[in-house]
Structures are given as C-alpha cells and as structure tokens.
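**Student:** Predicted model, plus sequence, below.
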Amino acid sequence: MTDFPSHDLDTAPEGSKPLLENSQKAFGRLPGLHKVMAESPQVLEGYQVLHKLFTETAFDAEELTVVWQTINVEHECHYCVPAHTGIAKRMKVSDDISEALRNETPLPSAKLEALRTFTLQMLRNRGNVTEAQMAAFFDAGYSHRAVLDVVLGLAQKTMSNYINHVAETPLDEPVKPLAWTRGKTPLAV
C-alpha cells in the first residue's frame, strides 16, 4: 500500500490542527487513526462529529459497543477492534460483552444479541432489511429511532474501518495487548 502520512500537531494541515488538539484532550494522546485522517481536515472533522453524535444517541454504553464492535469485526478492522475494546473498558462495559463481540459468540442478553443481529443485517444487506428483520428488532425493544441510530453508527465506523484498511494504520501502543484477528467463520444472521 501507499504510505499514508501520519500527522502530529506540527505537520498537520492548518485545518486539522484544532481537531488534533481536540483528540489530544479527549484521549490524552493522538490516536493513529486521527493522525492519518488529519491529512484531510474535512474527513477528521466529519469523523469527530459522527462520533460525538453517535455517543449522544439513546444507546447506552453496552449498546454503543455492540454497534461499533459488530461493524469493526464484520469489516475485520485490525485497528478498530482493539481500539474499541479499550474504549469499552473505559466505558465500564463488561469484558464478557467485549469478548463475545470479538469472538463472535453469544452476548449475555437477548436484547444485545438482537442489536448485533440487526446491525449485521443492515451492514450485509446495505440497509435492505426485511419486514421480518425489522419486526424482530422492534420485538426486542428497539424503536424506529434505534434503526436510524444504527445507520449513524454504520456511517462512523465505515469511515474509520475503510481508512484503516487503505492506510494500514498501526496499532496504538496502549491497545497493542488487545490486538485481534478474526478466528472463525463470520456469524450467520
């Protein structure tokens, strides 16, 4: 692959500098993904806005993690699966949930499993879910708003997963112990 620039506060385009400063404040360091995204101030800003908006949905920390990690695992994102494992720890999401998502094993509740299943259906079918799939999602306790919020999560994670694939973003030092590769056949939905 072509070497993508990895910027810091000194080398970033002017429009990315305040965005990287925000990342530094939020994470206490500059995540590698943000350093790559900084090449395009619009991409970095778009990603930060989508992230902020997704975290402001009605989903709780466990549900946010389910949507993020379901997409990361399905896209086999070498960077985002470990990064979101670390984020889940900071959000106090149980390791049982993180491990089930990383290993594609059953989640501890039917509602979270329904969210993972629906997210996979939306992703794999490019939003073309059936009436029965929608009904199952609603029967699990989710609303029309949740459908739209899953789409928002898909938009955010598609940006990061695709960028990490093309840029081959190296893992950040703090999450290297959480490195991941898919170890089995993807979940059937």
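**Tutor:** Okay, I see it. Residues are numbered from 1 along each chain as shown.

**Student:** Mean confidence (pLDDT) on stretch 135-149, please.
**Tutor:** Averaging pLDDT along stretch 135-149 gives 98.

**Student:** So which bits of it are buried?
**Tutor:** Across stretch 135-149, burial judged by 16 or more other Cβ atoms under 10 Å covers A136, F137, A140, Y142, A146, V147, D149. For glycine as for every other residue, the C-beta is placed from the backbone atoms N, C-alpha and C.

**Student:** Could you tell me which of the residues you listed belong to helices?
**Tutor:** A136, F137, A146, V147, D149 (DSSP state H).

**Student:** Going by distance to V189, which of the buried residues of stretch 135-149 wins?
**Tutor:** V189 lies nearest to A136 out of these, by Cβ to Cβ, at 10.3 Å.

**Student:** correct me, but that closest one touches F118?
**Tutor:** Yes: with contact defined as Cβ atoms under 8 Å, A136 reaches F118; the gap is 7.5 Å.

**Student:** Tell me which stretches of the protein form helices.
**Tutor:** According to DSSP H, the helices that the chain contains are 17-27, 32-37, 41-55, 61-74, 80-90, 95-103, 110-124, 131-139, 144-167.

**Student:** what's near enough to touch G15?
**Tutor:** When contacts are counted by Cβ atoms under 8 Å, 6 or more residues apart in numbering, G15 touches P41, Q42, E45.

**Student:** Tell me how far the last one lies from V147.
**Tutor:** When Cβ to Cβ, to the nearest Å is applied, the distance between E45 and V147 equals 26 Å.

**Student:** tell me the centre residue of this protein?
**Tutor:** W68 (3.5 Å; Cα atoms, centre = their mean).

**Student:** Among the contacts of G15, which one sits closest to P13?
**Tutor:** P41 (5.7 Å).
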